[in-house]
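Colleague: take this sequence and fold it.
(2 chains)
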Amino acid sequence: MAIRTAAPAPSADAAGAAPLRPTGVQAAADWQAFPDASGHFGRFGGRFVPEALMAALDALTEAYAQARIDEAFTAELDDLLATYAGRPTPLTDARRLTDHVGGARILLKREDLAHTGSHKINNVLGQALLTKRMGKSRVIAETGAGQHGVATATACALLGLDCVVYMGEEDTRRQALNVARMRMLGAEVVSVASGSRTLKDAINEALRDWVATVEDTHYCIGSVMGPHPFPMLVRDFQRVIGVEARAQVLERTGRLPDAVVACVGGGSNAMGIFHPFIPDTDVALIGCEAGGDGVATGRHAAAIAGGAPGVLHGMRTYLLQDEWGQTQVSHSISAGLDYPGIGPEHALLHETGRATYRVVDDTAAMEALALVARTEGILVAIESAHAFAAAIEVARELGPEATLLVNCSGRGDKDVDTAARWFGLLDEPATAGTAGTTTDVGEQR
Amino acid sequence: MSAVPGRVGPNHPQPARGPEANGRTMHSRLDACFTAARAEGRAALVGYLPAGYPTVDGAIAAMRAMVAAGVDIVEVGLPYSDPTMDGPVIQEAADAALRGGITTQDVLRTVEAVADTGAPTLVMTYWNPIERHGVAAFAADLAAAGGAGAITPDLPPEEAGPWLAATAEHGLDSVFLVAPSSSPERLRRVADISGGFVYAASLMGVTGARAQVGAQAEGLVARVREVTSLPVAVGLGVGTAAQAAQVATFADGVIVGSALVRVLVDAQRRGDDPESALSGIKALAADLALGVRGGQGAVPVTA
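Modeller: Residues are numbered from 1 along each chain as shown, chains lettered A, B, ... in the order given. You can find the predicted model right below:
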């Protein structure tokens, strides 16, 4: 099978039977070969930040090192995840989608059912608790589509923290409802008009805020990116997805899945579901980068497929950049994947071959979105639709005997307007859209 | 406006440079510059402008003008797409320079034209453009252009090994930053790998003129002096002669960036002709040059 790989996980000690804990944070202690003590995942990662932030990153690293072995901290996080965020999220057998595709059995990890509508809540609850533990009272965050911003605003409301969310000016216009949602939750939303006015510039502005306010402010980064310890921290808080899913698949099917598929922008939902499977070398890990109009057009967000190693936002990783090392603007119909980089641990998984990365363009993602809605009654986020588009391919490659786990990372309510315009539904409300693949769904049954 | 006495003029022969000059064993041009300033009982004046703003040649003219007006050391900014350490003024100029198509080659050409004045010329750049150019190649090209070294604000000592090797090979100084938040251990670590001078950030924040110099600046300089004999220059938030005079009482160098860039940005916004923009640069630089000599200057705070 082409997509399988026998390459061992670099950090794998073969002890795959980590106990199922709600947070996954303690279980992650088995997986600390990466990053190394200075925050490197092989040649990726590290800490490329101004000296002014070094003390805060050291303090955060230390606070997290203590918190993760503190029963009181993990118990509080476990409790919030269970009683507030709605964990564990279910595993859904996608029967009609499986039948329609005619390949592997497709199982969905339903992060769309977590509070605030995506996996983002897992990370922000952990970081918000850390913020309080460090004695800080203010949280800043960046957001693209607004999902991480909404999750951060939610956690801050819950825990009584001040919250400022930076969002590119373009995105505040396109995602006006999420802006209102964050404000309802008590957050201040700052529209960023510098640079390309997108997610990367929101991150720039958050970093500028942080260097001046680091005394009382925590920067709650929303993905497995940025300077050490963020890629590790966010991975560990998102690891709960894979810990739960691995046990759920075993219980449901009696064996591990043949492949795990997830979309990758910065890559937090993918890293969260991949990580517990890394030692299971028979399980293929497949990340899906956003192909926009297609990698060949130059208008895409596929950092691995169309980028090269470099340094941005405090980390060394694959980046979209020109020959002079200037960051190139990414393009994707999915605001949440519209980022010119990728988390450094994904760069390592790619280089070692432990995970493979495919490109899903806008059209394929939107076709998958429509198909999943029609066959499963789940309106997924456009981000997650990229994973479904690849999963359809992979399911056919694997064949009917195989099992495929897809991370359904978020719900698509926020994307209805985009989807309605894509499919022309506002003008033709009673018919299927322009994408073609949606019309034959009913005929399959 | 009179030339500042004691300066190396534009037509003087330049010090040795290139592979034969070993920055670890011989005095660098920055050392010589700080020593000369100290002999005059004053601080050195370091001026920053971004390459390519408003044009490549316009920036070169502005940099040469500020040298003529009394700036001792020039920082040539390499405009970068994601300037996370910079405030709005430098962002605006960098964005415009990038829209104008500035490249690393243009920056090196700028260094060459400015170094021709005899003033030690540094590149101030975020790390990725150097990495993309090739670490060894950038050091070689910078040395060939007559550059004295580079300031790399987002390259921490932990990641600096290849860069230190490349700059040492080409006799370039590598300048690193310390901040008020730096622990004594980190101050020592940064000072140990720094060449030319240590860049002390006067406050926790991004570049940009402030009404007052950061209160932590003097203490930070004192802490740096405990761990190194290198000169210490203070930057961030210094924009007037009075502020330069204040900093000059406790630091070896005074670094001014945004206030100078702002002169060009304002001129551009007003649609001034290039000559009057240059006059503005000369006036502010001359004022700052008085400041580092203890004078109060005449140009008001623009922050």
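Colleague: ok, now which ones touch whichever residue of chain A sits closest to chain B?
Modeller: Distances between chain A and chain B by CB to the nearest CB are smallest at A:Gly325, namely 3.0 Å. C-beta here means a position set from N, CA and C on the backbone, and glycine is covered the same way. Neighbour list for A:Gly325: A:310, B:104, B:128-133 [criterion: CB atoms under 8 Å, 6 or more residues apart in numbering or on different chains].
Colleague: repeat that for A:Lys200.
Modeller: Residues near A:Lys200 by CB under 8 Å, 6+ apart: A:312-313, A:327, A:330, A:339-341, B:82.
Colleague: do you know the pLDDT at it?
Modeller: Note for A:Lys200: predicted pLDDT of 93.
Colleague: what helix or strand is it on?
Modeller: Following DSSP states H and E, one finds A:Lys200 within helix A:199-213.
Colleague: helix or strand right after that helix?
Modeller: Toward the C-terminal end, the helix or strand that comes next after helix A:199-213 (DSSP H and E) is strand A:217-219.
Colleague: ok, and what's touching that next one?
Modeller: Strand A:217-219 has contacts (CB under 8 Å, 6+ apart) with A:60, A:127, A:130-131, A:134, A:136, A:138-141, A:206-207, A:209-210.
Colleague: out of the residues you listed, flag the one nearest to A:His346.
Modeller: Nearest to A:His346 among those: A:Gln127, at 20.0 Å, using CB to CB.
Colleague: hmm, that closest one is touching A:Phe237, no?
Modeller: Yes. Contact criterion CB atoms under 8 Å: A:Gln127 and A:Phe237 qualify, at 7.0 Å.
Colleague: okay, those two: which has more neighbours?
Modeller: With neighbours defined as other CB atoms under 10 Å in any protein chain shown, A:Gln127 and A:Phe237 compare such that A:Phe237 has more, 30 against 24.
Colleague: nearest spatial neighbour of the more buried one, chain-adjacent residues omitted?
Modeller: A:Gly126 (3.7 Å; CB to CB, 6 or more residues apart in numbering or on different chains).
Colleague: using PDB, write down the CA coordinates of the host helix or strand of that neighbour.
Modeller: Element membership for A:Gly126 (DSSP H and E) is helix A:120-133. The C-alpha coordinates for helix A:120-133 follow below in PDB (Å, rounded to 0.1, in the frame of the first residue of the first chain):
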ATOM      1  CA  LYS A 120      -9.600  24.400  19.700                       C
ATOM      2  CA  ILE A 121     -11.200  24.300  23.100                       C
ATOM      3  CA  ASN A 122      -8.900  21.500  24.300                       C
ATOM      4  CA  ASN A 123      -5.800  23.700  24.000                       C
ATOM      5  CA  VAL A 124      -7.200  26.900  25.300                       C
ATOM      6  CA  LEU A 125      -8.600  25.300  28.500                       C
ATOM      7  CA  GLY A 126      -5.100  24.000  29.200                       C
ATOM      8  CA  GLN A 127      -3.400  27.300  28.400                       C
ATOM      9  CA  ALA A 128      -5.900  29.300  30.300                       C
ATOM     10  CA  LEU A 129      -5.300  27.200  33.400                       C
ATOM     11  CA  LEU A 130      -1.600  27.600  32.900                       C
ATOM     12  CA  THR A 131      -2.100  31.400  32.700                       C
ATOM     13  CA  LYS A 132      -3.800  31.400  36.100                       C
ATOM     14  CA  ARG A 133      -1.100  29.200  37.500                       C
END
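Colleague: name the helices or strands packed onto it?
Modeller: In this structure, helix A:120-133 makes packing contacts with helix A:54-67, helix A:71-83, strand A:138-143, helix A:147-159, strand A:217-219, helix A:230-238, helix A:268-274, judged by 3 or more CB pairs under 8 Å, 6 or more residues apart in numbering or on different chains; DSSP states H and E.
Colleague: can you list the strands that the helix or strand following the last one pairs with?
Modeller: Read in the C-terminal direction, the helix or strand following helix A:268-274 is strand A:284-294, with elements assigned using DSSP H and E. According to DSSP bridges, the neighbouring strands of strand A:284-294, each with its direction, are strand A:259-264 (parallel), strand A:299-301 (antiparallel), strand A:355-360 (parallel).
Colleague: of the ones you listed, which approaches B:Val74 most closely?
Modeller: Closest approach to B:Val74 among those (CB to CB): strand A:299-301, 38.2 Å.
Colleague: any chance of the helices and strands packed on helix A:120-133 in a markdown table, plus distance to B:Gly208?
Modeller: As requested, those are exported to a markdown table (distance: least, CB to CB, whole Å):
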| stretch | distance to B:Gly208 |
| --- | --- |
| helix A:54-67 | 20 |
| helix A:71-83 | 38 |
| strand A:138-143 | 19 |
| helix A:147-159 | 26 |
| strand A:217-219 | 19 |
| helix A:230-238 | 26 |
| helix A:268-274 | 33 |
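Colleague: which of the ones you listed sits most buried?
Modeller: Sort the helices and strands packed on helix A:120-133 by mean neighbour count, taking mean count of other CB atoms under 10 Å in any protein chain shown, and helix A:268-274 sits at the top with a mean of 32.
Colleague: give the other helices and strands that that one contacts.
Modeller: Helices and strands touching helix A:268-274, by 3+ CB pairs under 8 Å, 6+ apart, are helix A:120-133, helix A:230-238, helix A:240-253, strand A:259-264, strand A:284-294, helix A:344-352, strand A:403-408.
Colleague: so which bits of the stretch 1-150 of chain A are right by chain B?
Modeller: A:38, A:46-56 (CB under 8 Å from any CB of the partner chain).
Colleague: lowest-confidence entry in those?
Modeller: Least confident of the residues of the stretch 1-150 of chain A next to chain B in the model: A:Ser38, at 91.
Colleague: find the nearest non-adjacent residue to residue 73, please.
Modeller: Because you didn't say which chain, this covers chain A. Nearest to A:Phe73 is A:Ala67, by CB to CB, 6+ apart, at 4.3 Å.
Colleague: my question was about chain B
Modeller: Distance criterion CB to CB, 6+ apart; nearest residue to B:Ile73, sequence neighbours excluded, is B:Val46 at 4.4 Å.
Colleague: tell me the pLDDT of that neighbour.
Modeller: Confidence score, pLDDT, at B:Val46: 98.
Colleague: element containing it, please.
Modeller: Assigned by DSSP H and E, B:Val46 belongs to strand B:44-50.
Colleague: give me the number of residues near the closest residue to chain A within the stretch 51-200 of chain B?
Modeller: Proximity of the stretch 51-200 of chain B to chain A (CB to the nearest CB) peaks at B:Arg132, 3.0 Å away. A count of nearby residues for B:Arg132, using other CB under 10 Å, gives 21.
Colleague: so it: helix, strand or coil?
Modeller: At B:Arg132 the chain is in helix, as set by DSSP: H, G, I helix; E, B strand; the rest coil.
Colleague: any idea how far it is from A:Ala308?
Modeller: According to CB to CB, to the nearest Å, B:Arg132 stands 8 Å off from A:Ala308.
Colleague: check A:Trp324 too.
Modeller: From A:Trp324 across to A:Ala308, the span is 12 Å (CB to CB).
Colleague: neighbour count: those two, which is higher?
Modeller: A side-by-side neighbour count of A:Trp324 and A:Ala308, using other CB under 10 Å, places A:Trp324 first with 20 against 13.
Colleague: surely the more buried one meets B:Asp106?
Modeller: No. Contact criterion CB under 8 Å: A:Trp324 and B:Asp106 do not qualify, at 9.5 Å.
Colleague: show me what counts as buried in the longest helix anywhere in chain A.
Modeller: Secondary structure assigned by DSSP state H gives helix A:382-398 as the longest helix of chain A. Using 16 or more other CB atoms under 10 Å in any protein chain shown as the burial criterion, the residues of helix A:382-398 that qualify are A:382-395, A:397-398.
Colleague: all set, thanks.
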